[in-house]
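A.B. asks: Need a 3D model of the sequence below.
(one chain, ligands or ions: 2)
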Amino acid sequence: MRALVKATAGPGFVLEDVAQPQIRDDEVLIRVRRAGVCGTDVHLYEWDAWAQGRCRPPFTVGHEFAGDVAAVGRFVTDVREGDRVTAEGHLVCGRCHLCRTGNAHVCPNTKIIGVDRDGCFADYIAMPSTNVWQLDDAIPFEIGGIHDPMGNAFHTALVGTEMPGKTVLITGCGPIGIFAVGICRAAGASRIIASDVNETRLALARTMGAHDAVQPQGAESAVRSATNGLGVDVVLEMSGVPSAIHQALALVRVGGRVQMLGIPAKAMELNVATEIIFKGITVYGVVGRRMYDTWIQMTQFLRSGQFDPTPVITHRFPLEQFDDAISAIKGGEAGKVVFEIG
Ligand code: NAD
Ligand code: ZN
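C.D. replies: Numbering: from 1, shown residues only. Ligands and ions are numbered 1, 2, ... in the order given. This next block holds a predicted model:
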């Protein structure tokens, strides 16, 4: 089968002909139809310091996908050949303190497909059946293929926020931030202010329902005028840029909530006393998707048609054009980029 491989400890990927994966008794073989390309794949492609510290080539890259089940191991009872599925790409141990208290999303033994083991930019992938997620008939493979980043957005927007009626600032309109705009809108936020430095992405945020889509320097006045000077109830920090993180903490109201998804490239300074404690705010660190509350919520929003992520997908490529897919993301103008594999 074809597989996009991180072949050596250096920049680039190689499209190779490799053996189809063998499945264990508790695993499922999935024929990949659509797969999302993400910033993580760019880190792997460029072989930056994070990738060098974390990954051991050779391995197949890719962690966002959907497809249909080609074969199931003999212990698998709840997934059948022909099922249309996607999957949670974080493989957790199921046995640690966190897994056993309903917090598997922060399992310290997590292995990520396409990072710590073979991933989904290939004709087939083997997955533990416990990670497989059935796609509703109404949900196409293309949308199934982006459940991972959409799930990040659902997790960030909805955990602990009681969204109906809330005022929201979303800092960063990458694919996840733009998904979050649509999710907050569907969940009943009364005012959504989105910020980014990129006009193409601000336009996508407007398409997905942002009331205001502004440059970062315009965020403060947009927030003040939308909230009678109070500050927003909730900020979703989705850029990872230090100045946006300071802005998130400044523009949330006293007693509000900041949901932090964006990952700063390096350590940064905060005034914990003035930016967090004396404002009485709650800061929530987002890791992946809650298993499987986030997945249930996501399926229900998609099935009902309350939330349609289709406009966020701006680029589609065959697997052979992987260099173009990576360039589209690096260019910074793209929404979501997907591979059409089979
Ligand atoms: P992205 O890089 O495409 O989006 C970030 C956006 O922030 C860009 O559009 C950029 O123009 C914008 N930006 C830059 N400076 C800004 C500023 N000062 N104010 C507002 N916006 C600004 O990334 P993405 O794929 O949408 O992911 C968003 C972030 O979430 C990234 O940092 C990514 O690493 C992180 N992430 C975290 C998790 C998790 O589990 N915590 C999972 C996936 C991604
Ligand atoms: Zn665990």
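A.B. asks: list the contacts for whichever residue of the stretch 51-200 of the chain sits closest to ligand 1?
C.D. replies: In the stretch 51-200 of the chain, the residue that lies nearest ligand 1 is residue 174 (2.1 Å; CB to the nearest ligand atom). From N, CA and C alone the C-beta is placed, and that goes for glycine too. Neighbouring residues of residue 174 by CB atoms under 8 Å, 6 or more residues apart in numbering: 39, 196, 201, 238, 239.
A.B. asks: host element of the residue of the stretch 151-300 of the chain found nearest ligand 2?
C.D. replies: When distances are taken as CB to the ion, the stretch 151-300 of the chain reaches nearest to ligand 2 at residue 291, 10.2 Å away. Assigned by DSSP states H and E, residue 291 belongs to neither a helix nor a strand.
A.B. asks: now residue 298
C.D. replies: helix 293-304.
A.B. asks: do the longest strand along the chain and ligand 1 meet at all?
C.D. replies: Scanning the chain for the longest strand, with DSSP state E as the assignment, gives strand 27-37. No - Strand 27-37 does not reach ligand 1 (CB under 6 Å from any ligand atom); its nearest approach is 9.8 Å.
A.B. asks: what's downstream of that strand, the next helix or strand?
C.D. replies: Next element after strand 27-37 (DSSP H and E): helix 39-46.
A.B. asks: Tell me how far the residue of the stretch 51-200 of the chain closest to ligand 1 lies from residue 153.
C.D. replies: Distance, residue 174 to residue 153, by CB to CB, to the nearest Å: 10 Å.
A.B. asks: Mutual contacts of these two, please.
C.D. replies: Shared contacts of residue 174 and residue 153 (CB under 8 Å, 6+ apart): residue 238.
A.B. asks: and the stretch 101-250 of the chain, which residues reach ligand 1?
C.D. replies: So far as CB under 6 Å from any ligand atom goes, the stretch 101-250 of the chain lies against ligand 1 at 152, 171-177, 195-198, 201, 216, 238-241, 243-244.
A.B. asks: ok, of the residues you listed, which come out buried?
C.D. replies: Neighbour counting by 16 or more other CB atoms under 10 Å classes 152, 171-177, 195-196, 201, 216, 238-241, 244 among those as buried.
A.B. asks: Give me the most central residue, the protein.
C.D. replies: Centroid-nearest residue in the chain, with CA atoms, centre = their mean: residue 149, separated by 1.9 Å.
A.B. asks: Which helix or strand contains the residue nearest to that one when sequence neighbours are not counted?
C.D. replies: With sequence-adjacent residues excluded and distances taken as CB to CB, 6 or more residues apart in numbering, residue 149 is closest to residue 176, at 5.3 Å. Element membership of residue 176 [criterion: DSSP H and E] is helix 175-186.
A.B. asks: again, but for residue 108
C.D. replies: Counting by DSSP H and E, residue 108 is part of no helix or strand.
A.B. asks: With residue 188 as the reference, measure out to the residue lying closest to it once chain neighbours are set aside.
C.D. replies: Spatial nearest neighbour of residue 108, excluding adjacent residues (CB to CB, 6+ apart): residue 96 at 6.4 Å. Residue 96 sits 36 Å away from residue 188, going by CB to CB.
A.B. asks: Now do the same for the closest residue to residue 84 other than its chain neighbours: its pLDDT.
C.D. replies: Once flanking residues are discounted, residue 84 sits nearest to residue 135: 4.4 Å by CB to CB, 6+ apart. If you check residue 135, the pLDDT there is 98.
A.B. asks: Please work out how many residues are found near residue 135.
C.D. replies: Look at residue 135: counted by other CB atoms under 10 Å, it has 21 neighbours.
A.B. asks: now do residue 313
C.D. replies: 19.
A.B. asks: What about residue 229, how many residues nearby?
C.D. replies: Neighbourhood size, residue 229 [other CB under 10 Å]: 9.
A.B. asks: which residues touch it?
C.D. replies: By CB under 8 Å, 6+ apart, no residues touch residue 229.
A.B. asks: Distance of it relative to residue 223?
C.D. replies: 9 Å.
A.B. asks: and stretch 309-319 with ligand 1, contact?
C.D. replies: No - Stretch 309-319 lies out of reach of ligand 1 by CB under 6 Å from any ligand atom, never closer than 9.9 Å.
A.B. asks: Just the terminal-to-terminal distance for that stretch.
C.D. replies: Distance across stretch 309-319, first residue to last, is 22 Å (CA to CA, to the nearest Å).
A.B. asks: Also stretch 129-144?
C.D. replies: 17 Å.
A.B. asks: quick one: low-confidence parts of the chain?
C.D. replies: Across the chain, nothing is flagged by pLDDT under 70.
A.B. asks: which strands and helices sit next to the helix or strand following the helix holding residue 298?
C.D. replies: Next helix or strand after helix 293-304 toward the C-terminus (DSSP H and E): strand 313-318. Helices and strands touching strand 313-318, as assessed by 3 or more CB pairs under 8 Å, 6 or more residues apart in numbering; DSSP states H and E, comprise helix 322-330, strand 336-340.
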